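**Q** task: produce atomic coordinates for the following.
(chains A and B, ligands or ions: 2)
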Amino acid sequence: MNVLLDHLPEFRDGFIGTVLLTAASALLAMVLGVVMAGFRVSPVPPLRFFGAAWVTLFRNTPLTLLFLVAWFVVPAVFGTGMNPWTKALLALGFYTSAFVCEAVRSGVSTVPLGQAEAARSLGMTFSQTLRLIVLPQATRTVVPPLSSIFIALTKNSAIAGAFSVTELFGVQKLLSDKGFAIAPIFLWVALAYLVITFSISGLFRLLERRLEVAR
Amino acid sequence: MSGVSVTKAADDAAPAADDLVVLSNVNKHFGALHVLQDIDLTIARGEVVVVIGPSGSGKSTLCRTINRLETIDSGAIAIDGKPLPQEGKELARLRADVGMVFQSFNLFAHKTVLENVTLGQIKVRKADKKAAEEKARTLLDRVGVGSQADKYPAQLSGGQQQRVAIARALAMDPKVMLFDEPTSALDPEMINEVLEAMQQLARDGMTMVVVTHEMGFARSAANRVVFMADGKIVEEATPDQFFSNPRSDRAKDFLSKILHH
Ligand SMILES: Nc1ncnc2c1ncn2[C@@H]1O[C@H](COP(=O)(O)OP(=O)(O)OP(=O)(O)O)[C@@H](O)[C@H]1O
Ligand SMILES: [Mg+2]
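**A** Ligands and ions are numbered 1, 2, ... in the order given. Predicted structure coming up:
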């Protein structure tokens, strides 16, 4: 019997769960990461400090620990209203944002200083300078590392399965608990992850090519 | 352009009300290095001042303090009667009134020539896009690069890029323009086209501070030459006086060097 065909709905739900969780966390990590990178290069010392603290905290904490915090500490402090999916989103998004922040920051440092000085001398504010002049020019150097960061995120989302969020890796547990042979289940789960990560790297390669063509 | 240039050809003693840029007792350190030492400098509306001096004497730093790209340690700088504010919205507004042209052009590499000249108008002056483009094209024509409007900076020669940079600064209707060695990065055959654009600007009554070693420009366009050495203003004179009869030894020494190469 084929485990995949017999349990197509479970696999499908797991696959969709992983895709959605990865996409949502990626989005959150992007937004937070760019904002934190902005903080880290800002002229305001408290913001710089906050950005640095954020990165230090989330880059150096094991992700599993962040999940435990989201599951057991966050409800104790903020109430129990949050569903598991949101908690997983926050843990993954915050964790990944630290890496996005550092990628963006190193991209920003490749943009010649004269670009920001020219913008400031025209009367642009710090945030205008960052948004309109520096970040667009940093994009080209930021895209390749982002690709690896999001692939890592995809695989990291497997931890959510252990916390009973419906996603690919959890399907494996579900089925092997039911007594199916482990090897084919693993194979199919691994292939499904491969589909997602290949799509990500393909997407980013396309994006890179695009950015090269634009001048 | 600014609509207030009713000034007569620069008198030697301009009235105080016409002082546009005033630096008083300005000091600046880079670590232990005292780059600006007790600088007093007043620039009148419509005046063209050329700053000259050996490498490392603080010319660029002086220029950059005027729009606060460099902060100062003590003293005061006022533009049109207003002291330079702290970093923030108000400083940004004031910077828009001070045009700056850099040695390395610093055109926005990811924007077309036209966008380079419209961006500040739209984002800082809140002009509408159509009016900004019209003004940009007029200015680009004026500096002779109108036909390059849709190219990217990297596709232009150095001389063309620098003229675009001048147009970009002019688009903000600045009260004063700062030039930091605008022709030093250019091949010799491109220097003149940039100097001509600057000369035109001087004739139109723009207040200008120009760091340059181009003596032809200083002689024909400047009202005053300021000679700097080791972070101090050593000598101030009319171009004729300065080049034919410098008073200080530092200036004599410096001039003999640049005249003989
Ligand atoms: N950001 C900085 N940090 C430290 N030292 C600096 C900095 N910028 C300039 N300096 C130093 O300050 C001094 C004055 O520099 P500045 O660029 O103003 O000189 P300059 O007169 O413009 O020289 P040049 O003709 O070479 O452009 C130099 O000794 C320089 O090395
Ligand atoms: Mg200099």
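**Q** isn't B:Gly120 up against B:Ala96?
**A** Yes. Using CB atoms under 8 Å, B:Gly120 is in contact with B:Ala96, at 7.1 Å. All C-beta spots, glycine's among them, are computed from the backbone N, C-alpha and C.
**Q** up against chain A, what does the stretch 51-200 of chain B have?
**A** Residues of the stretch 51-200 of chain B lying near chain A by CB under 8 Å from any CB of the partner chain: B:67, B:69, B:87, B:89, B:92-100, B:102, B:104, B:106-110, B:119-120, B:123-124, B:152, B:154, B:165, B:168-169, B:172.
**Q** can you go through these and name the buried ones?
**A** B:67, B:69, B:92, B:94-100, B:102, B:104, B:106-110, B:119-120, B:123-124, B:152, B:165, B:168-169, B:172 (16 or more other CB atoms under 10 Å in any protein chain shown).
**Q** contacts for the lengthiest helix in chain B next, please.
**A** Longest helix in chain B, counting residues (DSSP state H): helix B:188-203. The contact list for helix B:188-203 (CB atoms under 8 Å, 6 or more residues apart in numbering or on different chains) reads B:48, B:142-144, B:157-159, B:162-163, B:166, B:170, B:177, B:179, B:182-183, B:186, B:208, B:210, B:214, B:216-217, B:220-222.
**Q** for the stretch 101-250 of chain B, which spans come out with low pLDDT?
**A** Counting by pLDDT under 70, not a single residue of the stretch 101-250 of chain B qualifies.
**Q** the helices in it, which residues?
**A** Applying DSSP state H, counting those that start in this stretch to the stretch 101-250 of chain B gives helices spanning B:113-123, B:129-142, B:158-170, B:188-203, B:215-221, B:239-244, B:249-259.
**Q** excluding chain neighbours, what is closest to the residue most central in space within chain A?
**A** By CA atoms, centre = their mean, chain A has its centre lying nearest to A:Ala26, at 3.5 Å. Once flanking residues are discounted, A:Ala26 sits nearest to A:Phe150: 5.4 Å by CB to CB, 6 or more residues apart in numbering or on different chains.
**Q** downstream neighbour of the host helix or strand of that neighbour in the secondary structure list?
**A** Using DSSP states H and E, A:Phe150 maps to helix A:135-156. Once the chain leaves helix A:135-156, the next helix or strand it forms, by DSSP H and E, is helix A:158-162.
**Q** what does the helix or strand that that following helix is followed by rub up against?
**A** Sequence-wise, the next helix or strand downstream of helix A:158-162 (DSSP H and E) is helix A:168-177. Contact with helix A:168-177 is made by A:3, A:7, A:10-11, A:13-15, A:17-18, A:157-158, A:160-162, A:164, A:182, A:185-186, A:189, A:192-193, as judged by CB under 8 Å, 6+ apart.
**Q** can you rerun that using 6 Å?
**A** A:10-11, A:14-15, A:18, A:158, A:161, A:182, A:185, A:189, A:192 (CB atoms under 6 Å, 6 or more residues apart in numbering or on different chains).
**Q** nearest to ligand 1, of these?
**A** A:Ala158 (48.1 Å; CB to the nearest ligand atom).
**Q** that closest one: how many residues sit nearby?
**A** By other CB atoms under 10 Å in any protein chain shown, the residues close to A:Ala158 number 17.
**Q** can you check B:Leu140 too?
**A** Neighbours of B:Leu140 using other CB under 10 Å come to 25.
**Q** got a list of what it touches?
**A** Going by CB under 6 Å, 6+ apart, B:Leu140 touches B:146, B:149, B:167.
**Q** quick one: buried residues of the helix or strand bottoming out on mean pLDDT in chain A?
**A** None of the helices or strands of chain A scores lower by mean pLDDT, DSSP states H and E than helix A:3-6, at a mean of 76. By neighbour count with 16+ other CB under 10 Å, helix A:3-6 contains the buried residues A:3-4.
**Q** show me how far stretch A:136-156 is from its chain's centre.
**A** Centroid separation for stretch A:136-156 versus its chain: 9 Å, with CA atoms, centre = their mean, to the nearest Å.
**Q** what does it contact?
**A** In contact with stretch A:136-156 (CB under 6 Å, 6+ apart) are residues A:22, A:25-26, A:63, A:96, A:99, A:103-104, A:107-108, A:110-111, A:196-197, A:200-201, A:204, A:207-208, A:211, B:110.
**Q** give me the buried entries from the residues you listed.
**A** A:22, A:25-26, A:63, A:96, A:99, A:103-104, A:107-108, A:111, A:196-197, A:200, A:204, A:207, B:110.
**Q** distance of B:Ala149 relative to chain A?
**A** 16 Å (CB to the nearest CB, to the nearest Å).
**Q** can you name the residues that contact that residue?
**A** Counted by CB under 6 Å, 6+ apart, B:Ala149 has contacts B:113-114, B:140.
**Q** out of the residues you listed, which comes closest to chain A?
**A** B:Val113 (12.9 Å; CB to the nearest CB).
**Q** and the closest residue to chain A within the stretch 51-200 of chain B, what does it touch?
**A** Per CB to the nearest CB, B:Ala96 is where the stretch 51-200 of chain B lies closest to chain A, at 2.8 Å. B:Ala96 sits next to A:123, B:124, B:172 when contact means CB under 6 Å, 6+ apart.
**Q** pretty sure the last one sits against B:Gly120.
**A** Yes. Between B:Met172 and B:Gly120 there is a contact under CB atoms under 6 Å: 5.3 Å.
**Q** let me see the mean pLDDT of the helix or strand following the least confident helix or strand of chain A.
**A** As assigned by DSSP H and E, the chain's next helix or strand after helix A:3-6 is helix A:8-40. Helix A:8-40 carries an average pLDDT of 92.
**Q** what comes up buried for the helix or strand following helix A:8-40?
**A** Beyond helix A:8-40 in the direction of the C-terminus, DSSP H and E gives the next helix or strand as helix A:45-59. Residues of helix A:45-59 classed as buried: A:47, A:51, A:54-55, A:58 (neighbour count, 16+ other CB under 10 Å).
**Q** relative orientation of helix A:45-59 and helix A:8-40 in degrees?
**A** In terms of direction (axes from the mean of the first three to the mean of the last three CA atoms, to 10 degrees), helix A:45-59 departs from helix A:8-40 by 150 degrees.
**Q** helix/strand/coil for the residue of chain A found nearest chain B?
**A** The minimum distance from chain A to chain B, using CB to the nearest CB, falls at A:Gly123 (2.8 Å). With DSSP: H, G, I helix; E, B strand; the rest coil as the basis, the three-state label of A:Gly123 is coil.
**Q** how close does the nearest residue to it once chain neighbours are set aside sit to B:Asp173?
**A** Closest residue to A:Gly123 apart from its sequence neighbours, by CB to CB, 6+ apart: B:Ala96 at 2.8 Å. Going from B:Ala96 to B:Asp173 by CB to CB, to the nearest Å gives 9 Å.
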